[in-house]
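next input, structure requested:
(4 chains)
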Protein chains: 4
Amino acid sequence: MSSIWGNKVKISLFGESHGVGIGAVIDGLPAGYAIDLERANRHMKRRSPGYQPGATARREEDRVRILSGLYMDKTTGTPLCALIENHDTKSADYSKISAKPRPGHADLTGLARYEGSNDPRGGGHFSGRLTAPLTFAGALALQILESRGVIVRAHIYSIGTIEDTPYDPMKIPKDCSEHSIPVISEGQGLKMRELIETLRNELDSVGGVIECIVTGFPAGLGRPIFDNIESRLSSIIFGIPAVKGIEFGRGFGVSSQKGSTNNDEPYMTERGIRLRTNHAGGIEGGITNGMPILLRCAFKPTPSIGKQQNTVNLETMSDDTIEVGGRHDSCIVPRAVPVVESAVAFALLDIMEEG
Amino acid sequence: MSSIWGNKVKISLFGESHGVGIGAVIDGLPAGYAIDLERANRHMKRRSPGYQPGATARREEDRVRILSGLYMDKTTGTPLCALIENHDTKSADYSKISAKPRPGHADLTGLARYEGSNDPRGGGHFSGRLTAPLTFAGALALQILESRGVIVRAHIYSIGTIEDTPYDPMKIPKDCSEHSIPVISEGQGLKMRELIETLRNELDSVGGVIECIVTGFPAGLGRPIFDNIESRLSSIIFGIPAVKGIEFGRGFGVSSQKGSTNNDEPYMTERGIRLRTNHAGGIEGGITNGMPILLRCAFKPTPSIGKQQNTVNLETMSDDTIEVGGRHDSCIVPRAVPVVESAVAFALLDIMEEG
Amino acid sequence: MSSIWGNKVKISLFGESHGVGIGAVIDGLPAGYAIDLERANRHMKRRSPGYQPGATARREEDRVRILSGLYMDKTTGTPLCALIENHDTKSADYSKISAKPRPGHADLTGLARYEGSNDPRGGGHFSGRLTAPLTFAGALALQILESRGVIVRAHIYSIGTIEDTPYDPMKIPKDCSEHSIPVISEGQGLKMRELIETLRNELDSVGGVIECIVTGFPAGLGRPIFDNIESRLSSIIFGIPAVKGIEFGRGFGVSSQKGSTNNDEPYMTERGIRLRTNHAGGIEGGITNGMPILLRCAFKPTPSIGKQQNTVNLETMSDDTIEVGGRHDSCIVPRAVPVVESAVAFALLDIMEEG
Amino acid sequence: MSSIWGNKVKISLFGESHGVGIGAVIDGLPAGYAIDLERANRHMKRRSPGYQPGATARREEDRVRILSGLYMDKTTGTPLCALIENHDTKSADYSKISAKPRPGHADLTGLARYEGSNDPRGGGHFSGRLTAPLTFAGALALQILESRGVIVRAHIYSIGTIEDTPYDPMKIPKDCSEHSIPVISEGQGLKMRELIETLRNELDSVGGVIECIVTGFPAGLGRPIFDNIESRLSSIIFGIPAVKGIEFGRGFGVSSQKGSTNNDEPYMTERGIRLRTNHAGGIEGGITNGMPILLRCAFKPTPSIGKQQNTVNLETMSDDTIEVGGRHDSCIVPRAVPVVESAVAFALLDIMEEG
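Now for the predicted structure:
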């Protein structure tokens, strides 16, 4: 593997940010599911540049062309290839800085890895733009999961130090996907928007945390020891550029808990066994327990900033400075919300299909 | 996969806590490496029950028997099977509680997954005891890595709210592996010890965080998009029971940073390009950048506690209470330090071998 | 896996015979290799319909569009997506027979597998047309291998009972790739051509055998027990539709040999150890021995024939007859020669990259 | 992978012929299946040395010890480790010839692959003895398959030029597993026995072909393009040492057929659609069609022969001769019959579990 993920339902990502196009082959989708492409496109639009505050001005509409795997709007069970052609690319913005590795980017590591062969324009295959086909694959997974009663939702948990109301781990949250800033508390959303605007003006950027919840997912899935739910989900989530941490349920908060305050106690109801709390985030021993699956992941601030930074010059082999031009998000988090939903949905579909 | 992990160097774990034995087959080890089994056993002992404060009284010496893959103390390149036979098992302690799922354990999820077929004694295959063969595999990986100049070290970052001095992300820490509590600050170690003792007396338990650093690992390894370093490491780390979160470099701390304060700036030295800081934890764009790899992972408090808890009774199908007897750690974190070192070392060896 | 093959260099095939297009994502190609697309297209043309005797009249030029993974004509090391759009499709030819499964086709098994969801037009994803992107992937592999001194060649070993001169297993054969019928003996090629013509007139078809040889491949590659050379090669070769058998070296002929007549004896030369014979086809114990790799694979006669055949009618649920119209090869073997070369080259590149 | 095989049910083989022991970890077995170990041992005995004509005199009873994965004689769904300890090993027989690579063995290729690190005694991990744990894994698979109505049987198709009555591809054959020479025609079995005896006296060996049939396997399984039934089965079968060819249904015989004589025609019956013939060996388009699965595989003559052969001497770096002593089969085919059954059963169980 490298740009391929999945055990039974697999995604193979391809493309460069400023090449002909980007896309995905999704191999192993279950057959016979109706797909609403309009709805998938609305999901994609939430990730598109130019629709969120603080987002890059690059207003490329990511129109997806299905090349295979759909017949009369239903999945055929054979590989589905989705292609997004690139149109609005201004490589000139990038070519002038290629001798100066951008701090916080994969420029130096990509050089070490691919010895100068990779496409340098716009981050090439390592561009955040590659999350678009992943998001589309997730849009399909979300629809298939929904038809099975599984709902996946995410919101901005925090940007900088401004926090949204956290999800109640016991129940399904209201849908805030149509908000330009997907948060529960609109007041906190406004503060986030202001913070992003301030940082844009300072030619700087800011990080944040996204929280995701899944309801209706069956108990008893996940395959310990290594194909447990946390391993599978973290493995795909770290495929999203800029993620530097992930936690499930109480996450790092468990470290200061006692067993007596952290264990989720079962009790009997007429409809079966329930748990009084959901500190475990729906996963016990790597297997789903029927409670909502809850996770949070941390995004670093966009490394591309207009502010002057120190770097080196690979031509002169000396110290230098750089101001990263081009069109960049001063905060990637709002656009990353549907990406997280998609990655989680894709992984859970794979886990369900594996059984 | 399920109890198999790895792309090129693979580990296949087997065994039940109270069965004949537990062990691992390690497939794909490079050939010709000298292995010091005494040293591997010392590494194992750090994980063994009965040697750390707060650890279970079960004093089983985990003596490893090598069944294959070593010839005249060198790896042959063919699968190495390591077997640890179980001796000191008191299944009676467990049999009486099998009708009552233990809160915080995989009892209910294991039932949902395996429909009552799995070995219920002592957690069966899901027991923390299965970390012993993983730790042994890591002991071999640590020796192979060390012969290549790579050092992997871990310490207790925190237990409850008591924190050790964090690692300096720029350099190799001193070796505290011989401490009964592996910490840098012995004063903080004493406080941790007291906290663990207090909780033991209260028949309760406590969680914590482990920090791990790797020096000498080559730049340019890791295969984006999905076989990036963070995905690979998190995928194996979540295979350790009780882990609920993982973060790299600044981790969740990135969310409140700005781009200008978070980017690691390159500068030129006589020996090549260096970075002034290591907020990224040695990984940029999913590829190693030559700086130390730094990660932290959160362990929940041991779910097995003597204190009375609410649960259900699967025979009477009604609410009930449970006091988990048997021998359990009131804090798993000290014993988990070599497990984390081992998991990280094993994953990095696989990544190196893959190239 | 399903339409994905490979350990380190992977191919993910997509597309339906009469859909928008077909193609492949090749993930894990080594970086920095110059690719001659004109040459790759010439290789593709050998497989194209309409250029060989007995081939279908469908004259679609399979022009490949590279969407990613090449930058300034060199591989970037990131996924390469190759797309072939479909133009010359006459689905009407197929629609009228969909109620009647064609004998010898995957119509009934595809129905059992995908419950009626797959694209029925022209075989959909199971069409022999899906060998086109595999052939293209192999064309790239052939060029990369050639730059490393490895040559892969194939010829028609037999069609019906007419046999070409077999390869000498000890040395590289002359290149007959430009022949319309790729054989060594032109006389036998003429007879094959006549046989194919006769069968076309009889609205029938015929099978054959292809032989493939590889020279210059390094000794010591292949990973027993299960990733041995024969397992890897057979696994990809059976991905070519219509293949029903494969053999290496003497193949089935070994069954009537004695140890004393079958063992390849080593002898010493100034340039190292050589073998006097190559009955093993370059593979001993699943590992290459430095001698040419030699294999043969059997292709069944094209199942689509104009002659009347018995079948069932799925609408009336009764017996019926069918005459398969449309444009079909009366012998697939000549067109399959570059496909076999490509599959072998792709597998060997993966094996080399794995190390 | 290397000594690991399988997608959902995986086998990980370990051990050296003359080391502590050999065995397998089977990961992903379905939970809750009763296993009759006595019966599995009878299956193992058919492969054991010393029970067949022409077999090595090494009379090691391969007693399997189950270390995990069985609880109260039922599969637990967690990894099952089966260990066979080595007792009757005479390494001295081997040590004297280690400077002289044995013709037809993996001695030279193993050297090229593992650079002298592998265990040289008795073939080490590459010994035919490693088929014992595979055979045991298959014995479990055979029992699980049988409980689902699937029967797997094999017989000797030919030894040298002496042929048994071939299987009728349309129906289940009688069970000849208790024959010391598993054939249908006892007269031909006698001739085979004589041939083997003759070759033993001549210090030589002979090859053969094994035919295997599977009845009751459901239609609609197999995942084209690359996880088709033929690819999966050939991939595991070539993991058996000495196999040099495999064919399905008519196999290489298809090459001289016409479409009109090779296609299997469907017809309607009261119980559904049937096929009049089974030339395809139960597999159409890589997917099972509900007819018996039929395959044959060719085994080369045992390379270890007492007759003098030419080889090289790696110490003197000059030509030399060798007479391979030790205890060897003059024909491996009778013992390989249960191995083929096991490999086929294991692969089919994996395919069924994958769905």
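
tell me what the longest helix belonging to chain A is packed against?
Of all segments of type helix in chain A, defined using DSSP state H, the longest is helix A:333-354. On a contact count with 3 or more Cβ pairs under 8 Å, 6 or more residues apart in numbering or on different chains; DSSP states H and E, helix A:333-354 meets helix A:37-47, helix A:131-147, strand A:151-159, strand A:208-215, helix A:229-237, strand A:293-299. (C-beta placed from N, C-alpha, C; glycine too.)

adding mean pLDDT and mean neighbour count, write the ones you listed out as TSV.
Putting the helices and strands packed on helix A:333-354 into TSV (pLDDT from 0 to 100; neighbours: other Cβ atoms under 10 Å in any protein chain shown) gives the following:
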stretch	mean pLDDT	mean neighbour count
helix A:37-47	95	18
helix A:131-147	98	25
strand A:151-159	98	25
strand A:208-215	98	24
helix A:229-237	98	26
strand A:293-299	98	27
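
how about the ones you listed, which one is nearest residue D:343?
Comparing those against residue D:343 with Cβ to Cβ, the closest turns out to be helix A:229-237 (29.9 Å).

so the closest one, near chain B or not?
Yes. Helix A:229-237 reaches chain B (Cβ under 8 Å from any Cβ of the partner chain) through A:230-232, A:234-236.

who's in contact with residue A:217?
The contact partners of residue A:217, taken as Cβ atoms under 8 Å, 6 or more residues apart in numbering or on different chains, are A:150, A:282, A:288, A:290, A:293, A:348, A:352.

I should have written residue A:8 there, sorry.
Neighbouring residues of residue A:8 by Cβ under 8 Å, 6+ apart: A:28, A:350, A:353-354, D:354.

turn those into a markdown table, including pLDDT.
Listed next are the contacts of residue A:8 as a markdown table, based on pLDDT from 0 to 100:
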| residue | pLDDT |
| --- | --- |
| A:28 | 96 |
| A:350 | 98 |
| A:353 | 96 |
| A:354 | 93 |
| D:354 | 93 |
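
what two of those have the greatest distance between them?
For the contacts of residue A:8, the farthest-apart pair by Cβ to Cβ is A:350 and D:354; their separation is 13.0 Å.

what's the following helix or strand after the worst-scoring helix or strand of chain A on mean pLDDT?
Counting by mean pLDDT, DSSP states H and E, the weakest-scoring helix or strand in chain A turns out to be helix A:92-95, with a mean of 50. Towards the C-terminus, the helix or strand next in line after helix A:92-95, according to DSSP states H and E, is helix A:107-114.

is that next one positioned near chain C?
Yes. In this structure, helix A:107-114 sits against chain C according to Cβ under 8 Å from any Cβ; the contacting residues are A:113-114.

can you give me the angle that helix makes with helix B:229-237?
70 degrees (axes from the mean of the first three to the mean of the last three Cα atoms, to 10 degrees).

and for stretch A:111-119, what's in contact with it?
Against stretch A:111-119 from outside (Cβ under 8 Å, 6+ apart): A:16, A:18-19, A:101, A:110, A:124-126, B:219-223, B:287-290, C:31-32, C:71, C:74-78.

repeat that with 7 Å
When contacts are defined by Cβ atoms under 7 Å, 6 or more residues apart in numbering or on different chains, stretch A:111-119 is touched by residues A:16, A:19, A:110, A:124-125, B:219-220, B:287, C:31-32, C:71, C:74-78.

got the CA positions of it in CSV?
These are the backbone C-alpha positions of stretch A:111-119, laid out as CSV (Å, rounded to 0.1, in the frame of the first residue of the first chain):
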residue,chain,number,x,y,z
LEU,A,111,12.8,15.3,-1.9
ALA,A,112,14.4,12.7,0.4
ARG,A,113,11.7,10.2,-0.5
TYR,A,114,11.4,10.7,-4.3
GLU,A,115,14.8,12.1,-5.1
GLY,A,116,13.5,15.0,-7.0
SER,A,117,11.2,13.1,-9.3
ASN,A,118,7.9,14.1,-7.9
ASP,A,119,5.7,16.8,-9.5
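
any idea which element the residue of the stretch 151-300 of chain A found nearest chain C lies in?
Among the residues of the stretch 151-300 of chain A, residue A:239 lies nearest to chain C; the distance is 13.5 Å by Cβ to the nearest Cβ. In this assignment (DSSP H and E), residue A:239 forms part of neither any helix nor any strand.

just the closest of the contacts of residue A:217 to chain D, please.
Ranking the contacts of residue A:217 by separation from chain D, with Cβ to the nearest Cβ as the measure, puts residue A:352 on top at 12.0 Å.

please identify the helix or strand for the closest residue to that closest one other than its chain neighbours.
The shortest distance from residue A:352 to any residue other than its chain neighbours is 6.5 Å, reached at residue A:221 (Cβ to Cβ, 6 or more residues apart in numbering or on different chains). With elements delineated by DSSP H and E, residue A:221 resides in a region that no helix or strand encompasses.

can you tell me the closest non-neighbouring residue to residue A:85?
Ranked by Cβ to Cβ, 6+ apart and with sequence neighbours excluded, the top spatial neighbour of residue A:85 is residue A:21, at 4.1 Å.

before we move on, the earlier item: quick check: buried residues in the longest helix of chain A?
Taking 16 or more other Cβ atoms under 10 Å in any protein chain shown as the basis for neighbour counts, the residues of helix A:333-354 that come out buried are A:333-354.

near chain C, which residues of the stretch 51-200 of chain A?
Of all the residues in the stretch 51-200 of chain A, those in contact range of chain C (Cβ under 7 Å from any Cβ of the partner chain) are A:67-69, A:71, A:74-79, A:81, A:114-115, A:117-119, A:124-125.

which of those fall within helices?
The helices, defined by DSSP H, take in residue A:114 from those.

what about residue A:197, how many neighbours?
Other residues near residue A:197 come to 14 when the count uses other Cβ atoms under 10 Å in any protein chain shown.

for chain B, see how far away it is.
For residue A:197, the distance to chain B equals 14 Å [Cβ to the nearest Cβ, to the nearest Å].

which SS class is that residue?
In three-state terms, and counting by DSSP: H, G, I helix; E, B strand; the rest coil, residue A:197 is helix.

distance check, it against residue A:166.
The spacing between residue A:197 and residue A:166, counted by Cβ to Cβ, to the nearest Å, is 24 Å.

residue A:266 touches residue B:312, doesn't it?
Yes. Taking Cβ atoms under 7 Å as the contact criterion, residue A:266 and residue B:312 are neighbours in contact, 4.7 Å apart.

anything in contact with each of the two?
Residues within reach of residue A:266 and of residue B:312 at once, by Cβ under 7 Å, 6+ apart, are A:273, B:101.

so residue A:294 sits against residue A:215, correct?
No. Applying Cβ under 7 Å, one finds residue A:294 not in contact with residue A:215, separated by 9.9 Å.

what does the pLDDT read for the residue nearest to residue A:80 when sequence neighbours are not counted?
Of all residues beyond its chain neighbours, the one nearest residue A:80 is residue A:69 (2.8 Å), with distances taken as Cβ to Cβ, 6+ apart. According to the model's per-residue confidence, residue A:69 sits at a pLDDT of 96.

one more: residue A:10?
98.

for it, which non-adjacent residue is spatially closest?
Going by Cβ to Cβ, 6+ apart, residue A:10 has residue A:27 as its nearest residue, at 4.5 Å.

give me phi/psi at that neighbour?
Dihedral angles of residue A:27 (phi, psi; degrees, to the nearest 10) stand at phi -110, psi 120.

and it, what is it in contact with?
A:10, A:12, A:79, C:2-4, C:12.

show me where chain A dips below the pLDDT cut-off.
Along chain A, the model assigns pLDDT under 70 to residues A:1, A:50-61, A:88-97, A:120, A:327.

still on that earlier bit, which pair of the contacts of residue A:27 spans the longest distance?
Using Cβ to Cβ, the two most remote members of those are A:12 and C:2, lying 11.9 Å apart.

neighbour count: those two, which is higher?
For residue A:12 against residue C:2, the residue with the higher neighbour count under other Cβ under 10 Å is residue A:12, and the figures read 34 against 25.

just confirm that one is within a helix.
No. Under three-state DSSP, residue A:12 sits outside any helix and is assigned strand.

now do the same contact list for it.
With contacts defined as Cβ under 7 Å, 6+ apart, the neighbours of residue A:12 are A:3-4, A:24-25, A:27, C:4, C:12, C:25, C:27, C:79.
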